[in-house]
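> Coordinates for the following, if possible.
(one chain, ligands or ions: 1)
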Amino acid sequence: MVTPMPFHRAAAAAIDSDNWIRTEVLVLNASYEALTEISADRAVVLLITDAAETVVERAPHFPIRSQHTEIALPETIRLRRYVYLEHRMLVHDESRATLAGVLRRDEHRCGYCTGWAGTVDHILPRSRGGPNTWSNLIAACSDCNTRKADRTPAEAGMRLLWDPKAPNDLARAQRQVWKRLATAHTAT
Ligand SMILES: [Zn+2]
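Below is the predicted model:
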């Protein structure tokens, strides 16, 4: 019986019958490109339905018994059929960011003074080719934004209080990938 579980980071603890389901398995496309990580219970479903094959077994060997078969807990699996994924599903620092997304990520705190922020600053100014990416945008209050103007933080003598990154949307990306995999493999 396979129960869908929320995603968790694999713990460093030894694998046992209670926690194997929370280990993560790397999924490769049929072309051997890495797609994402999914929880082990979902990886096992893909193996049992023959939608995927094991590329690397987890060491030490950990057997999972299901009805008539026994399979080894995998570390990496490969899909038998190529699955096309849109690039936008994969969120990373160089992905395009939106104004609303940056304000939400920074919880409306100014990256220069922690005051309430209603605007977004281009760290490398737009006038010098600064892109609309997660790592180049930070929430800023209008005072700091005006003071910084068309300068880098160093030129303006201002210090960034944290390093802006893409929001941690990994769990959402994993759910989308899983949904896509599930529909691709039941469509046949
Ligand atoms: Zn400020």
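
> Check residue 112 and give its pLDDT.
pLDDT for residue 112: 96.

> Sketch out the low-pLDDT regions of the chain for me.
1-13, 85-95, 167-188 (pLDDT under 70).

> tell me the domain ranges of it?
Following automatic domain parsing, the chain resolves into domains at 20-86+170-186, 99-156.

> The ion: which of the ones you listed is closest?
domain 99-156 (3.2 Å; Cβ to the ion). In this view, the C-beta of every residue, glycine as well, is placed from N, C-alpha and C.

> now check that closest one, is it near the ion?
Yes. Domain 99-156 reaches the ion (Cβ under 5 Å from the ion) through 110, 112, 113, 115, 141, 144.

> And for the second one, nearest residue in space, chain neighbours not counted?
Think residue 112. Computed as Cβ to Cβ, 6 or more residues apart in numbering, the closest residue to residue 112 that is not its neighbour in sequence is residue 144, at 4.1 Å.

> show me where this structure has helices.
Secondary structure of the chain (DSSP state H): helices located at 40-48, 99-105, 142-148, 153-156, 170-186.

> related to what we said a few turns ago, in CSV, list the residues of domain 99-156 next to the ion along with neighbour count.
Shown next, in CSV, are the residues of domain 99-156 next to the ion (neighbours: other Cβ atoms under 10 Å):
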residue, neighbour count
110, 22
112, 23
113, 16
115, 14
141, 21
144, 21
